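Q: fold the following, please.
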Amino acid sequence: MPELPEVEKAARRLARVALGKTIASARAIHPSLKRKFSPSQSRAVKGKRIESIERRGKHQLLRLDNGDTLVVHFRMNGDWEFGNTSDPLDKFARAVIELTDGTRVSLVDRRALSAITLDKKGSSSLPRLGREASDSSLDADYLSDVLKRKKIAIKPALMDQSVVAGLGNIYAAEALWEAEMDPRTSAARVERAKLEKLVTAIRLVLSPKRRRPGRYTDTRGVERFAVYDREGMICRRCGGTIERIVQAGRSTYFCSSCQL
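A: Have a look, this model is predicted:
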């Protein structure tokens, strides 16, 4: 799933081609997206200018000049594809936004799990989100407060978007490796010193200086992860073996030799 760095990069790419431009038409193509973005909503955005494009957690918010907001979530496989209205439509295009200058923005998704919705002015369909994983206000005090009520392990707790917005399965595993923390540790019992180390680790794994954003399936970036999808491989820190377990229905990769 695209996480904070990938969604941030996608939002910036979108802004370069769509910011300040006017929507000529917008429509959902796949039935699963039509349930959230109806023909009447498609008509409502026609002629509206895209005033700003923001990221909140894993959501992209296209603010329109009438106060409405198009909310896009890539889910597991979504991404933007840019072209012209005269170009052939990608077979995996699930929704399209065409601009009056002839630009076409396609929401492509092989699995059709992504979503696009229209929030009317003054309303929001966003779930409850915690502090951004990249925000300077994310600190040990904040984590201590929100985690003390969690009766689950630290790894799935970090993936809870109401705890940390934007952090998902991949970067949660990477941050715990950097912090030398066992992902099975009870979230409510993590000591403050460990939380301080975890905050530093989260910032580190999200830093483009440390790791360029990209899909985990991108073979060009296969070496950018320390533990994710490396089951059975050697730990780069201690020489132990990377293991895989399942937590909350998701794979967790870690080194039991040095993540204590």
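Q: where do the helices of the stretch 51-200 of the chain begin and end?
A: Taking DSSP state H, counting those that start in this stretch, the helices of the stretch 51-200 of the chain run over residues 140-147, 154-159, 169-178, 192-206.
Q: do you know which of the ones you listed lies nearest residue 124?
A: Comparing these by their distance to residue 124 (Cβ to Cβ), the top pick is helix 140-147, with 20.7 Å. Any C-beta I mention is one placed from the backbone N, CA and C, and that applies to glycine too.
Q: by contact count, what packs against the closest one?
A: Here helix 140-147 touches helix 192-206, going by 3 or more Cβ pairs under 8 Å, 6 or more residues apart in numbering; DSSP states H and E.
Q: the strands in the stretch 51-200 of the chain, which residues?
A: Assigned strands in the stretch 51-200 of the chain, in chain order: 59-64, 69-73, 79-84, 93-99, 103-108, 115-119, 131-132, 164-165 (criterion: DSSP state E, counting those that start in this stretch).
Q: just to revisit the earlier point, for the helices of the stretch 51-200 of the chain, give me CSV that also has mean pLDDT.
A: Listed next are the helices of the stretch 51-200 of the chain as CSV, based on pLDDT from 0 to 100:
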stretch, mean pLDDT
helix 140-147, 97
helix 154-159, 98
helix 169-178, 97
helix 192-206, 96
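Q: just put those in JSON lines and tack on distance to residue 53 and mean neighbour count.
A: Listed next are those as JSON lines, based on distance: least, Cβ to Cβ, whole Å; neighbours: other Cβ atoms under 10 Å:
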{"stretch": "helix 140-147", "distance to residue 53": "27", "mean neighbour count": "17"}
{"stretch": "helix 154-159", "distance to residue 53": "25", "mean neighbour count": "24"}
{"stretch": "helix 169-178", "distance to residue 53": "22", "mean neighbour count": "25"}
{"stretch": "helix 192-206", "distance to residue 53": "20", "mean neighbour count": "18"}
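Q: quickly compare the strands of the stretch 51-200 of the chain and say which is most buried.
A: strand 164-165 (a mean of 27; mean count of other Cβ atoms under 10 Å).
Q: I'd like the strands of the stretch 51-200 of the chain laid out as JSON lines, including mean pLDDT.
A: Putting these into JSON lines (pLDDT from 0 to 100) gives the following:
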{"stretch": "strand 59-64", "mean pLDDT": "98"}
{"stretch": "strand 69-73", "mean pLDDT": "98"}
{"stretch": "strand 79-84", "mean pLDDT": "97"}
{"stretch": "strand 93-99", "mean pLDDT": "98"}
{"stretch": "strand 103-108", "mean pLDDT": "98"}
{"stretch": "strand 115-119", "mean pLDDT": "97"}
{"stretch": "strand 131-132", "mean pLDDT": "97"}
{"stretch": "strand 164-165", "mean pLDDT": "98"}
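Q: want to throw those strands into CSV with distance to residue 196?
A: Conversion of those to CSV gives the following (distance: least, Cβ to Cβ, whole Å):
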stretch, distance to residue 196
strand 59-64, 28
strand 69-73, 31
strand 79-84, 35
strand 93-99, 42
strand 103-108, 39
strand 115-119, 36
strand 131-132, 15
strand 164-165, 15
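Q: among those, which is nearest residue 253?
A: Proximity to residue 253 (Cβ to Cβ) singles out strand 164-165 among these, at 18.6 Å.
Q: once you drop chain neighbours, what's closest to residue 159?
A: residue 172 (5.3 Å; Cβ to Cβ, 6 or more residues apart in numbering).
Q: residues in contact with the one you found?
A: Residues near residue 172 by Cβ atoms under 8 Å, 6 or more residues apart in numbering: 155, 158, 159, 183.
Q: repeat that with 7 Å
A: Shown in contact with residue 172 (Cβ atoms under 7 Å, 6 or more residues apart in numbering): 155, 158, 159.
Q: against residue 237, how distant is the second one?
A: The one in question is residue 158. If you measure residue 158 against residue 237 using Cβ to Cβ, to the nearest Å, the figure is 20 Å.
Q: nearest to residue 100, of the contacts of residue 172?
A: Among the contacts of residue 172, residue 159 lies closest to residue 100 (Cβ to Cβ), at 40.0 Å.
Q: right, and the closest one touches residue 169 too?
A: Yes - here residue 159 lies in contact with residue 169, judged by Cβ atoms under 7 Å, at a distance of 6.1 Å.
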